[in-house]
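*Asks:* Sequence and computational prediction follow.
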Amino acid sequence: MSANNHQGLIRVVLCDDHDLFRQGLAEMLSTADDIEVVGEANTHDSATATVLEKGPDVVLLDLEMPNGGAEETVNRILQLPQPPRVVIVTMHDEPRLVRRFIGRGASAYLTKSGSLKELLDTVRNAAASPMLLPGDERTRLVPKRVLEDLEGRADGLSGRELEILLQAARGMSNQQIATSLHLSEATVKRHLANIYNKMEVTSRTGATQKALANGWISSFELSERDRATGHRSLGNGLLGASDARYRALLANLADMVTISDRDGGCLYASPATEKVSGYTPEEFVARHPFDSIHPEDRPRCEEALAKLVDNPGLSLELEHRVRHKNGTWRWVEGTFTSLFNDPDVGGLVATVRDISDRKRAEERARLAAEAPRPSSTIASSTTILGAKLWTSVLTGVSVLSTSIRPNYEVGETPDSRTRSLYQSAPPVASMSRATAAVQDCSPEPSGSPV
């Protein structure tokens, strides 16, 4: 018990940035006669100050609070002259995260899904347990289910590779990782290649998903960098609850919007993803988009990705084929913009729409234009015949005009000559015979018909 405790009660300070949850904890603890809540805090900074002021026996500490990091808060609290027992209370139960904070000196680890009995027992046991140095894991109080997985390790990955994997999973570029760890970019690339090989994956997205599934990294660690720096992460900022209008816009867009990492792995997919690809946003993020691209189009898409990664701010438009969830190939058209250097996005933003109907219409029009027409031979023959007929008519008219050039006899006029020629011409029974007569008297044209 602390020096300030004169009634034998277990003095507790609650540290959580969610007011309702913190108030709920206080009410639950108030049901116990031997526990007293003496202070509350809603940031990491105020947590240390409140503990120093109130001198509690136990601190219930949430990991995800603003203004600082959880590890630093645990360290500061445990370095006080009369440090209390620290109990981590969080929604995260990944084994790696448990090991991390138990190793820092936390006395217990409690998930927010626990029962009232678990809460009260944990507080009482923590207050009664001996103070242990950081790194000493004896008698730590950890939920049984989490404890069973506590010995899981990232098989084959070194400590340095785990560190690089975590930073890569956070969306940091190779250059940013190199600067953070004081390595060359080439060394980071070599480590990532080894990580992919050991994990039997082909991208950062695949490595991240497998590491999360095996507890090698935690979802808390993925967003921790953004909380510490004040930058908005993809999940907690750009698409966070405060951006309701942006979320509403995405929800009502007919086009699919995605954000991808430098390897092309999908970090976010909008609700319209299912309409375009057949996959739910969650299913789409779990897959690597390049796996669905048509083999003939994939090299071109990979070349475009490399160009976008190397040129921040660049925007490209692409058309390519992708395999729909139902197994059919679909044509899509997308605008891809490189926003890797934007701290609010940190990825490749794509707006994609299905253009299969348009492509089918274009193909039908092309085939129709190239197909032979059954009437083309007749039309061509008619055209040639007509040209030949007119040539013959004109020739006949020329001959006729020559034969009636004005060499009139004495007393003749043009009208009287015309009447005389008409009367002396043989009768013609029909237009077809007249045409034949004209053709018979015309010279045979030379060369190809017009």
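*Replies:* All right, it came through fine.
*Asks:* need the longest strand for this protein.
*Replies:* The longest strand of the chain (DSSP state E) is strand 329-339.
*Asks:* Skip ahead from that strand and say which helix or strand is next.
*Replies:* strand 347-354 (DSSP states H and E).
*Asks:* now for the helix or strand that comes right after that following strand, which elements pack on it?
*Replies:* Downstream of strand 347-354, the next assigned helix or strand under DSSP H and E is helix 356-370. Counting contacts by 3 or more Cβ pairs under 8 Å, 6 or more residues apart in numbering; DSSP states H and E, the secondary-structure elements packed against helix 356-370 are strand 329-339. All C-beta spots, glycine's among them, are computed from the backbone N, C-alpha and C.
*Asks:* Just the residues contacting the strand it packs on, thanks.
*Replies:* The list of residues contacting strand 329-339 from outside it, by Cβ atoms under 8 Å, 6 or more residues apart in numbering, reads 276, 294, 304, 308-309, 311-324, 345-356, 358-359.
*Asks:* Walk me through which strands that strand pairs with, and which way each runs.
*Replies:* Strand 329-339 sits in its sheet next to strand 315-323 (antiparallel), strand 347-354 (antiparallel), going by DSSP bridges.
*Asks:* and the angle for that strand with helix 356-370?
*Replies:* Per axes from the mean of the first three to the mean of the last three Cα atoms, to 10 degrees, the angle that strand 329-339 makes with helix 356-370 is 120 degrees.
*Asks:* Quick check: buried residues in strand 329-339?
*Replies:* By neighbour count on 16 or more other Cβ atoms under 10 Å, the buried set for strand 329-339 is R330, W331, V332, E333, G334, F336, T337, S338, L339.
*Asks:* quick one on the thing from earlier: filter the contacts of strand 329-339 down to the buried ones.
*Replies:* Among these, those buried by neighbour count (16+ other Cβ under 10 Å) are 276, 304, 308-309, 318, 320-322, 324, 345-355, 359.
*Asks:* on that earlier part again, nearest to T111, out of the strands paired with strand 329-339?
*Replies:* Evaluated with Cβ to Cβ, the strands paired with strand 329-339 place strand 347-354 nearest to T111, the distance being 30.8 Å.
*Asks:* For that closest one, the averaged confidence score.
*Replies:* Strand 347-354 shows a mean pLDDT of 89.
*Asks:* Pull the residues that contact it.
*Replies:* Residues outside strand 347-354 that contact it (Cβ under 8 Å, 6+ apart) are 171, 234, 254-262, 264, 267-268, 275-276, 305, 308-309, 330-340.
*Asks:* V38 looks like it's in a helix, true?
*Replies:* No: applying DSSP: H, G, I helix; E, B strand; the rest coil, one finds V38 to be strand, outside a helix.
*Asks:* Near it, how many residues? Count them for me, please.
*Replies:* Here the count is done by other Cβ atoms under 10 Å, and V38 has 19 residues near it.
*Asks:* So A127 sits against I10, correct?
*Replies:* Yes: between A127 and I10 there is a contact under Cβ atoms under 8 Å: 4.6 Å.
*Asks:* Any idea how many residues pack against D57?
*Replies:* Neighbourhood size, D57 [other Cβ under 10 Å]: 23.
*Asks:* Identify the spatial nearest neighbour of D261, chain neighbours not counted.
*Replies:* Nearest residue to D261, sequence neighbours excluded (Cβ to Cβ, 6 or more residues apart in numbering): R204, at 5.3 Å.
*Asks:* what's the answer for L165, then?
*Replies:* That would be I195: by Cβ to Cβ, 6+ apart, it lies 5.5 Å from L165.
*Asks:* try L267
*Replies:* Using Cβ to Cβ, 6+ apart, the closest residue to L267 is I259 (4.9 Å).
*Asks:* Also V201?
*Replies:* A207 (4.9 Å).
*Asks:* swap in D62?
*Replies:* That would be D16: by Cβ to Cβ, 6+ apart, it lies 4.0 Å from D62.
*Asks:* same question, P83
*Replies:* I77 (6.1 Å).
*Asks:* That neighbour looks like it's in a helix, true?
*Replies:* Yes: looking at I77 with three-state DSSP, it is inside a helix.
*Asks:* hang on, isn't E53 packed against G39?
*Replies:* Yes: checked against Cβ under 8 Å, the pair E53 and G39 is within contact range at 7.0 Å.
*Asks:* Compare those two (neighbour count), which wins?
*Replies:* More crowded of E53 and G39, by other Cβ under 10 Å: G39, with 19 against 11.
*Asks:* buried set for the helix or strand harbouring the residue nearest to L165?
*Replies:* Assigned by DSSP H and E, I195 belongs to helix 185-199. Within helix 185-199, the residues scored as buried using 16+ other Cβ under 10 Å are T187, V188, H191, L192, N194, I195, Y196, M199.
*Asks:* The first one and A193: what is the separation?
*Replies:* Here T187 is placed at a distance of 11 Å from A193 (Cβ to Cβ, to the nearest Å).
*Asks:* Spit out the residues that contact those two alike.
*Replies:* Here T187 and A193 share no contacting residue, scored by Cβ under 8 Å, 6+ apart.
*Asks:* For stretch 305-318, the averaged confidence score.
*Replies:* 89.
*Asks:* Compute the first-to-last residue distance for that stretch.
*Replies:* 11 Å (Cα to Cα, to the nearest Å).
*Asks:* Now do that stretch: everything it contacts.
*Replies:* Against stretch 305-318 from outside (Cβ under 8 Å, 6+ apart): 262, 264, 300-301, 304, 333-341, 348.
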